[in-house]
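> Sequence and computational prediction follow.
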Amino acid sequence: MKSDAQYVAAIDQGTTSTRAMIFDRKGSVVMSEQVEHRQIFPRAGWVEHDPMEIWRNTRRVAAAALAAAQLHPGNIVACGITNQRETTVVWDRHTGTPIHNAIVWQDTRTDALCEELAGEHGVDRYRERTGLPLSTYFAGPKVAWILDNVEGARDRAEAGDLLFGTMDSWLAWNMTGGVDGGLHVTDVTNASRTMLMDLHTLQWDPEICADLRIPVSMLPEIRSSSGVIGSLRTSGSLPDVPLGGILGDQQAAMFGQACLEPGEAKNTYGTGNFLLLNTGTEAVLSKHGLLSTVCYRLGDEPARYALEGSIAVTGSLVQWLRDNLGIIDTAAQVEELARRADDNGGVYFVPAFSGLFAPRWRPDARGVIVGLTRFADRTHIARAVLEASAYQTREVIEAMQADSGVHLQTLKVDGGMVVNELLMQFQSDILDVPVVRPVVNETTALGAAYAAGLAVGYWSSTDEIRDNWARGGRWEPRMSESDRTRLFEGWNRAVTHSFDLA
């Protein structure tokens, strides 16, 4: 590397791992370092992370990426953060110590609280203001649970001693100084996933906070997705580097995929699947089970909005096959195993481990495998695992088309699972549209880097982002209409068997 060369860094704090990536002006990956963190399951339906472990891992991967690329902090013009969105941390502002493990977005412990809040109003009580249904998915109820269940937490919160944040806020606070003047901030995309922000004013809603008994003093300051927030401190690995952008992971992937115009969409295949459609400067309220969310906001420009379909379990189903059943040794083996079967053998796997998200929103659903016969074997189960991602994606796209009136012409895809050629072909087949993968699959980190780089002028405009996008793979549909219909009807029958099992 040239000693005076300039790059942009991104911290990608995901559900299963934390990664530091360094990008050049063309949006190409210069270096990447990644480390997994523990998944903590205290009881059925509960999922937690250790925030201190994640902060340690963040410093570790940032230092490792710099060292591996033979760079120093002076080579980095800006750093962006992207994160698993609804995962919730509450910590003491004086000691920097979390008062409880982080409660992960997949966690369902707040179901009773959400039912209580819905009451006679129903799950759409706050939808017009927040774009979201009442669901265990979002951060607001998780904060309320911590305040209700950790001894003394509510008194400490009301005294102004506690801070709340999603993982971006937790990292930004630590990276900018922690107890020594750390900045307590979030961006509009992450704030829009708390169920506490008014989607139209882009400010915290005091009435909803009061309903959940969450002191507004706990909440971070809401910033744009791209804009210099402050300088990183020596407590991290990038001293004096400007923190230039924050985006929730799915919005970051949207940005990295250059879906910057109304009508453009992408689907990220990660722990779960997340399909977003840019709706421009208008927040479109869904009538078909989707979420209305902030897509991004650059500086002082008007916010851009999106419709989103969130699917809880896709990539994590492959992990479950590996870790819980031991059918495969590595995630990559699922494709090889699935290819040994000519078709699914009538087997469908509905991975409703924590209920079903968009567009069904059935918290009472649980995972089922249906259609088993003596003929079925592990190859059919592996195939059913992959097909589940594609069927769920089709459900979300049909809801999105019904809401927006826009017919999908091509699906842009990214994330860890898009290297799976069998899945990508089946996705194209079941949708009957082409599926396109970019050269850089890790568009989440790239989107955060773009937001940070734009803030300091490393990239002059979003036109450069669009010019950087390059196609890496394309799949065309080749399934007959009769097979497509038969398979999807089988999926819909299978899903009904997952209801009322919680």
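Cool, got the structure. On a predicted model such as this, the values are computed, not experimentally measured, just so you know.

> Now stretch 56-67: average pLDDT?
What stretch 56-67 shows for mean pLDDT is 94.

> ah, wrong one, I meant stretch 386-399
Averaging pLDDT along stretch 386-399 yields 94.

> what does that stretch contact?
Stretch 386-399 has contacts (Cβ atoms under 8 Å, 6 or more residues apart in numbering) with 267, 269, 273, 275, 286, 288-290, 309, 311, 314-315, 317-318, 334-335, 338, 344, 348-351, 358-360, 408, 411, 417, 420, 422-423, 426-427, 430-431, 487-488, 491. Where you see a C-beta, it was placed from the backbone N, CA and C, and this is true even at glycine.

> swap the cut-off to 7 Å and go again
267, 269, 273, 275, 288-290, 309, 311, 314, 317, 334, 338, 344, 349-351, 358-359, 408, 417, 420, 422-423, 426-427, 430-431, 488, 491 (Cβ atoms under 7 Å, 6 or more residues apart in numbering).

> Then stretch 44-55?
With Cβ under 7 Å, 6+ apart, stretch 44-55 has contacts from 13, 18, 37-42, 87, 89, 98, 101-104, 106-109, 167, 170-171, 174, 354.

> Next: stretch 294-309.
Against stretch 294-309 from outside (Cβ under 7 Å, 6+ apart): 188-189, 192, 202, 224-227, 247, 250-251, 254-255, 274-284, 286, 290-293, 358-359, 396, 399-400, 403-404, 454.

> what does stretch 88-106 give?
15, 40, 47-52, 84-87, 137, 139, 142-143, 145-146, 150, 153, 161-167, 170, 178-179, 312, 354.

> Make a PyMOL selection of the buried ones in those.
Buried subset of those, written as a PyMOL selection, criterion 16 or more other Cβ atoms under 10 Å:
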select buried, resi 15+47+48+49+51+52+84+85+86+87+137+139+142+143+145+146+153+161+162+163+164+165+166+167+170+178+312+354
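
> In strands, which of the contacts of stretch 88-106 appear?
Among those, the ones falling in strands (DSSP state E) are E48, H49, L162, L163, F164, G165, T166.

> Pipe those into JSON lines and attach distance to V385 per row.
Listed next are these as JSON lines, based on distance: Cβ to Cβ, whole Å:
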{"residue": "E48", "distance to V385": "25"}
{"residue": "H49", "distance to V385": "24"}
{"residue": "L162", "distance to V385": "41"}
{"residue": "L163", "distance to V385": "39"}
{"residue": "F164", "distance to V385": "36"}
{"residue": "G165", "distance to V385": "34"}
{"residue": "T166", "distance to V385": "29"}
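
> Format those as CSV; extra columns: pLDDT.
Converted to CSV, these look like this (pLDDT from 0 to 100):
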residue, pLDDT
E48, 96
H49, 98
L162, 97
L163, 97
F164, 97
G165, 97
T166, 97
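
> Out of those, which is nearest to E128?
T166 (22.7 Å; Cβ to Cβ).

> hang on, G80 packs against A10?
Yes: using Cβ atoms under 7 Å, G80 makes contact with A10 at a distance of 4.7 Å.

> what sits in contact with each of the two?
By Cβ under 7 Å, 6+ apart, G80 and A10 have these common neighbours: A448, A449.

> quick one: terminal-to-terminal distance for stretch 429-442?
24 Å (Cα to Cα, to the nearest Å).

> Quick check on the contacts of stretch 294-309: which are buried?
Judged by 16+ other Cβ under 10 Å, buried ones among those: 188-189, 192, 202, 224-227, 247, 250-251, 254-255, 274-279, 283-284, 286, 290-293, 358-359, 396, 399-400, 403-404, 454.

> M195: what's it in contact with?
Taking Cβ under 7 Å, 6+ apart, one finds Y126, T130, L132, F138, A139, G140, I208 in contact with M195.
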